[in-house]
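In: Model the structure of this input:
(one chain, ligands or ions: 1)
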Amino acid sequence: EHLALWGGRFTSGPSPELARLSKSTQFDWRLADDDIAGSRAHARALGRAGLLTADELERMENALDELQRSVDSGAFAPIEDDEDEATALERGLLAIAGDELGGKLRAGRSRNDQIACLIRMWLRRHSRIIAKQLLALAVALIEQSDKAGRAVMPGRTHMQHAQPVLLAHQLMAHVWPLLRDVQRLADWDKRIDASPYGSGALAGNTLGLEPVAVARELGFTNVTANSIDGTASRDLVAEFAFIAAMAGVDISRLSEEIIIWNTQEFGFVRLDDAYSTGSSIMPQKKNPDIAELARGKSGRLIGDLTGLLATLKGLPTAYARDLQEDKEAVFDQVDTLEVLLPAFTGMVATMTFDTERLEAEAPTGFALATDIAEWLVKNGVPFRHAHELSGACVKIAEERGQELWDLTDEDFIAVFDGFLPADLAPQVREVLSTEGSVSARNGKGGTSPLRVREQIVAAKTAVETL
Ligand code: ARG
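Out: So this is what the prediction gives:
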């Protein structure tokens, strides 16, 4: 079969060792449909250039249709001797159309511009599937936020109780990165919207083929501006790989949160049975495997990106066979995300929160200390002192094993002495409620119920326009 591609100057075929190394059909056969679409467009370009007669073009298109049908049915598939998907399809076309006609299709194109075009077509299609899946996850989180209403929870920094926040606010903090991932895909699509078909091996073609029409037929707006760039660059494949890895990391952060919230000690969230697993030995176990798999798979998504970048580094600038290594990285990412996202979204959509427990925990651990300091500021105390006075309240409460609201009027009067009149000091209690604390954080982007509502509305609009 190698003879069909480069027989002329060779006296022998490839050694079995080379053939085994060189072979890529085991992973690139999934580009077959795109390759046939490309061949159809290329055949028409040959026709317009006068290199196929109207009759030949018709027979060629019929042959390609038949080839597509036997690929669809599985009747035609790569065999051991096929090097890559293009070689296999060429063999299939020759068998249907005959050597005479089938042998005309290769004119004016190279597997270099072909493969560079196919990976773009394939990635664009799957990027849309992944964008939809990411949006579905964002929607599930938005619905959970809607459902959470004004429920409060402990907001944490460094994993320590920091300030109370709305549960909806915490959940929405995971929506925005996901929406940015979808925006990244949409933005990336504008850059990858150019067809390398017509670039040939590296320098273009001599046959007067018009790449613009081929590009349009394959769903591209543009043609790559430089045939060397068109065949040799994979930065756009790497950019996709980054977005996929980033989405994985964003999902992993949420996973970690869910895993912790789901522990006995936290007890913030319950996972639906259909989205949890059991243990083969411990009958009581109910495990958050989906979140763990998501967290684990983010490592592999990152690995795909770094592997690809390492492959691209230091390549001479025109096609080199190293570039064949671009595909498995992104195929693996797409397969990973397309399986992971629906399961993950199902888990998120069906999880339920123990809002009573969240509310009880929200103000504990002196989480209202900032509110005391800011109340003092509003009453004219410079923040430096206010911070210290509030800290002194925490110290008293901590020593007594109490919370801030357990301090007596006398305590507040004594601590604030010299800064506030005695009749004013106990009024600090007004801000010592979780509800007061969150409602007071009412600047744009803050956790007050009004602002969170505004945020949810904005996110819904963003989802609709993406
Ligand atoms: N299978 C190769 C790839 O995936 C394309 C073939 C180009 N081969 C070549 N010898 N120029 O990149």
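
In: all contacts plus neighbour counts: C-alpha atoms, from now on.
Out: OK.

In: who in this protein is up against the ligand?
Out: With C-alpha under 6 Å from any ligand atom as the criterion, the chain comes near the ligand at residues 84, 111-112, 115, 321, 323-324.

In: now, which of the residues you listed sits nearest the ligand?
Out: Distance from the ligand was checked for each of the residues of the chain next to the ligand by C-alpha to the nearest ligand atom. The minimum falls on Gln324, at 3.5 Å.

In: host element of the nearest residue to Leu202 once chain neighbours are set aside?
Out: In space, Leu202 comes closest to Ile228 once its chain neighbours are excluded; the distance is 4.8 Å by C-alpha to C-alpha, 6 or more residues apart in numbering. Of the helices and strands defined by DSSP states H and E, Ile228 is found in helix 227-232.

In: where's the nearest residue to Val463 once chain neighbours are set aside relative to the ligand, distance?
Out: Distances taken as C-alpha to C-alpha, 6+ apart place Leu135 nearest to Val463, at 6.8 Å, with adjacent residues excluded. Distance, Leu135 to the ligand, by C-alpha to the nearest ligand atom, to the nearest Å: 31 Å.

In: helices and strands around whichever strand or helix holds Leu135, which ones?
Out: Secondary structure from DSSP H and E places Leu135 in helix 111-148. Secondary-structure packing of helix 111-148 (3 or more C-alpha pairs under 8 Å, 6 or more residues apart in numbering; DSSP states H and E): helix 32-48, helix 167-192, helix 227-232, helix 326-350, helix 449-465.

In: And that helix, how far out from the chain middle?
Out: With C-alpha atoms, centre = their mean, to the nearest Å as the basis, helix 111-148 stands 7 Å off its chain's centre.

In: Can you give me the buried ones in that helix?
Out: 111-124, 127, 130-146, 148 (16 or more other C-alpha atoms under 10 Å).

In: same question, stretch 215-233
Out: Neighbour-count burial for stretch 215-233, with 16+ other C-alpha under 10 Å as criterion, is recorded at 215, 217-218, 220, 222-224, 227-233.

In: Mind putting those residues into CSV with pLDDT?
Out: As requested, those are arranged in CSV below (pLDDT from 0 to 100):
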residue, pLDDT
Ala215, 98
Glu217, 97
Leu218, 98
Phe220, 98
Asn222, 97
Val223, 98
Thr224, 98
Ser227, 97
Ile228, 98
Asp229, 98
Gly230, 97
Thr231, 97
Ala232, 97
Ser233, 97
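
In: Pick the most buried one from the helices and strands packed on helix 111-148.
Out: Per-stretch averages of neighbours, counted by mean count of other C-alpha atoms under 10 Å, single out helix 227-232 among the helices and strands packed on helix 111-148, with a mean of 24.

In: And the helix or strand just after that helix, what does it pack against?
Out: Counting by DSSP H and E, the element after helix 227-232 in chain order, helix or strand, is helix 235-261. Counting contacts by 3+ C-alpha pairs under 8 Å, 6+ apart, helix 235-261 packs against helix 167-192, helix 289-312, helix 326-350.

In: same thing but at 10 Å, please
Out: Here helix 235-261 is seen to pack against helix 111-148, helix 167-192, strand 269-270, helix 289-312, helix 326-350 when contacts are counted using 3 or more C-alpha pairs under 10 Å, 6 or more residues apart in numbering; DSSP states H and E.

In: which one of those lies closest to Val381?
Out: Taking C-alpha to C-alpha as the measure, the helices and strands packed on helix 235-261 were each checked against Val381, and helix 167-192 came out nearest at 30.1 Å.

In: Okay, buried residues for stretch 406-413 please.
Out: Residues 407, 409, 411-413 are the ones in stretch 406-413 that count as buried (16+ other C-alpha under 10 Å).

In: Out of those residues, the closest to the ligand would be?
Out: For those, with the ligand as the reference and C-alpha to the nearest ligand atom as the criterion, the closest is Leu407, at 71.7 Å.

In: wouldn't that closest one be in contact with Pro426 here?
Out: Yes - Leu407 lies in contact with Pro426 (C-alpha atoms under 10 Å); the separation is 9.4 Å.

In: any shared contact partners between the two?
Out: Here Leu407 and Pro426 share no contacting residue, scored by C-alpha atoms under 10 Å, 6 or more residues apart in numbering.

In: pLDDT wise, what is the residue nearest to Ile456 when sequence neighbours are not counted at?
Out: Nearest non-adjacent residue to Ile456, counting by C-alpha to C-alpha, 6+ apart: Ile142, 6.7 Å away. In the prediction, the pLDDT value recorded for Ile142 is 98.
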